[in-house]
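> Sharing a model prediction with you, sequence too.
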Amino acid sequence: MGVGSLDVTDRRSRKRSMARAVRGAAAIAACLIGLAACGGPPPAPRTVNVDESDETYYVIGPGDSLSIQVYRTPELSTGVTVRPDGRITIPLIEDLLVAGKTSTQAAREIEEKLKQYVKDPAVTVIVQSFNGPFDRQIKVIGEATNPKALNYRQHMTILDVMIETGGVTKFAAGNSAVIVRHYGTPEQETFNVRLTDLIKNGDISKNVEMLPGDTLIIPQSWF
């Protein structure tokens, strides 16, 4: 066999080796991307602990409108607005405290109260308009276009607050705004937020997450 034939054979051998290496690398990558493709177990689902006292559940507050449905007992079904004292009055039940409770918790309490009148009552409480408890509202004061109290929503940011209040007025010192944050005790924290950088300059890094009970204060510019 000549030297030329040996060179051709050697090149073919190297090509076959490279092809095998490429196929091996592809198989390893596929294995890393999806373990199921290699017969490995799929990733375990994340475990979420559900707690109705958590802020992710809406709790009823004064001024909320409720629809109360009693299964197969239409004469006891009704609509009602939560009074400023957090209580409601419905057929057969007077002065039931519902503020600070979820709709499910309120429904179970109504069922307990109705058991002396109705056999195995099944109650559903639907919140039709939302205000929320006062201590979970976000209050906006000062040089907002429409200063007001807002219902807190999970993962609400200061940009969401500005959208709902129409932004700041032309007299606002936006970069001097502060958030006053309470912790359910006399303890509180005050920190600066830069609304002008966020709203006028589009600096999303200045967007911050709000918490229930926060008060946003937007001062007036002196010049």
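Here it is on my side, so go on.
> Quick check: L195 vs E75, distance?
Distance, L195 to E75, using C-beta to C-beta, to the nearest Å: 53 Å. Where C-beta positions appear, they are placed from N, C-alpha and C, glycine not excepted.
> Those two: who's more crowded?
L195 (25 against 8; other C-beta atoms under 10 Å).
> Confirm for me that that one is in contact with T165.
No. Applying C-beta atoms under 8 Å, one finds L195 not in contact with T165, separated by 10.8 Å.
> and stretch 116-127, average pLDDT?
For stretch 116-127, mean pLDDT is 96.
> ok now do V125, which residues does it touch?
Shown in contact with V125 (C-beta atoms under 8 Å, 6 or more residues apart in numbering): L66, S67, I68, Q69, V98, S103, T104, A106, A107, I110.
> V123 too?
By C-beta under 8 Å, 6+ apart, the neighbours of V123 are I68, Q69, V70, Y71, A107, R108, I110, E111, L114.
> Check these for burial and list the buried ones.
Buried members of the contacts of V123, scored by 16 or more other C-beta atoms under 10 Å, are I68, Q69, V70, A107, I110, L114.
> Closest one of those residues to N201?
N201 lies nearest to A107 out of the buried ones among the contacts of V123, by C-beta to C-beta, at 47.8 Å.
> any idea how far the residue nearest the centre of the chain lies from D160?
With distances taken as C-alpha atoms, centre = their mean, Q154 lies nearest the centre of the chain, 2.4 Å away. Here the criterion is C-beta to C-beta. By it, Q154 lies 11 Å from D160.
> now do D64
21 Å.
> Kindly report the same for F171.
Between F171 and D160 the computed distance is 23 Å (C-beta to C-beta).
> isn't S77 right next to L92, touching?
No. Contact between S77 and L92 fails when scored by C-beta under 8 Å: they sit 11.8 Å apart.
> Between D64 and D160, which is the more surrounded one?
Neighbours were tallied for D64 and for D160 using other C-beta under 10 Å; the higher tally belongs to D64 (24 against 16).
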